[in-house]
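Participant: Let's see this in three dimensions:
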Amino acid sequence: MKNLLIAVSVFITLAAASSCTSTELLSSWKSNNANLQKYNKVLVVGLTGDKDRQLRDNVESSMVTALKNNGIDAVAASESYGPKAFLKMNDAEVVSQVKADGYDGVMILALLDKEKEKYYTPGRVSYTPYMTYYSRYWRQWRTMYDRVYEPGYYTNTTNFTLEANLYNVGLDKLEYSAQAKSFDPNNAGSLATGFTKTVVADMVKKGVIPAK
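Facilitator: Residues are numbered from 1 along each chain as shown. Purely as a prediction, here's the structure:
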């Protein structure tokens, strides 16, 4: 019975840790006139290494959906130009192509850092209450405590730091920038969703996206 309690306790602890994915805004900035509503069409470009291609696609898709939900016409670069968009073009050719396709805003989402960490959670003694029934002449409920030892364990985590930069194509000017860190996301989809929600919430707070 005690071994079962230990196993259940460790499982619950690990499950809780794996489900508590969070994204923290590290810093952000906007120009005085930054406002996404003034753009007719925004191109969302994800920048990651080849090994994180799934993350790039998820981040682009998540941001495009969020911008559209806020009334902004946005398109994912990987869908319009393929997985290796603009790699064989020089700067002038990229700008010319973007303008020719009607984009007046570009949002670049870049993976800045991916760090792996290993944590040790030491063993501990916990006290689990249970109830005992006493005597055939009267009823008495009394709280007892059973000592349960929970062994220590190691947890491997991977944290991601991403950046979002919004550029005005016509002015060739940065209008908004934000950096955020996601702590041990379960998968590329949850990382993209957490990052997008954090950045969009900040853009709304700063007036880059008008509040609904």
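Participant: where does A188 land on pLDDT?
Facilitator: According to the per-residue confidence, A188 scores 89 in pLDDT.
Participant: what does I6 give?
Facilitator: With respect to pLDDT, I6 has a value of 38.
Participant: 789 is where my numbering starts, stick with that
Facilitator: Fine by me, first position is 789 from now on; the one you just mentioned is I794.
Participant: Which parts of the protein are strands?
Facilitator: With strands called from DSSP state E, the chain shows them at 810-818, 830-835, 862-864, 893-909, 912-922, 928-938, 941-956, 961-971.
Participant: Let me have these in JSON lines, adding mean neighbour count as columns.
Facilitator: Bear in mind the C-beta positions are built from the backbone N, C-alpha and C, glycine included. JSON lines is the format used below for these (neighbours: other CB atoms under 10 Å):
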{"stretch": "strand 810-818", "mean neighbour count": "15"}
{"stretch": "strand 830-835", "mean neighbour count": "24"}
{"stretch": "strand 862-864", "mean neighbour count": "21"}
{"stretch": "strand 893-909", "mean neighbour count": "15"}
{"stretch": "strand 912-922", "mean neighbour count": "10"}
{"stretch": "strand 928-938", "mean neighbour count": "11"}
{"stretch": "strand 941-956", "mean neighbour count": "17"}
{"stretch": "strand 961-971", "mean neighbour count": "19"}
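Participant: looking at those, which one has the lowest mean pLDDT?
Facilitator: Mean pLDDT per stretch puts strand 928-938 lowest among those, at a mean of 45.
Participant: Q967 against E951, yeah?
Facilitator: Yes - the pair formed by Q967 and E951 meets the contact definition of CB atoms under 8 Å, at 4.9 Å.
Participant: what residues are shared contacts of the two?
Facilitator: Shared contacts of Q967 and E951 (CB atoms under 8 Å, 6 or more residues apart in numbering): L900.
Participant: out of the strands of the chain, nearest to L843?
Facilitator: strand 893-909 (6.7 Å; CB to CB).
Participant: quick one: L824 from F971, how far?
Facilitator: Here the distance between L824 and F971 works out to 28 Å (CB to CB, to the nearest Å).
Participant: mind checking how far P910 is from P939?
Facilitator: With CB to CB as the criterion, P910 and P939 are 9 Å apart.
Participant: ignore the last one, A888
Facilitator: Per CB to CB, A888 is found 63 Å from P939.
Participant: Next one: T836 from N878, what distance?
Facilitator: In this view, T836 and N878 are 22 Å apart by CB to CB.
Participant: The two: which has the busier surroundings?
Facilitator: In this view T836 and N878 are compared by other CB atoms under 10 Å, and T836 has more residues nearby, 19 against 9.
Participant: Do you know the pLDDT at the more buried one?
Facilitator: pLDDT, T836: 89.
Participant: ditto for the one 3 residues further on
Facilitator: Taken from the predicted model, the pLDDT recorded for K839 is 86.
Participant: same deal with N823?
Facilitator: As summarised for this prediction, N823 has a pLDDT of 88.
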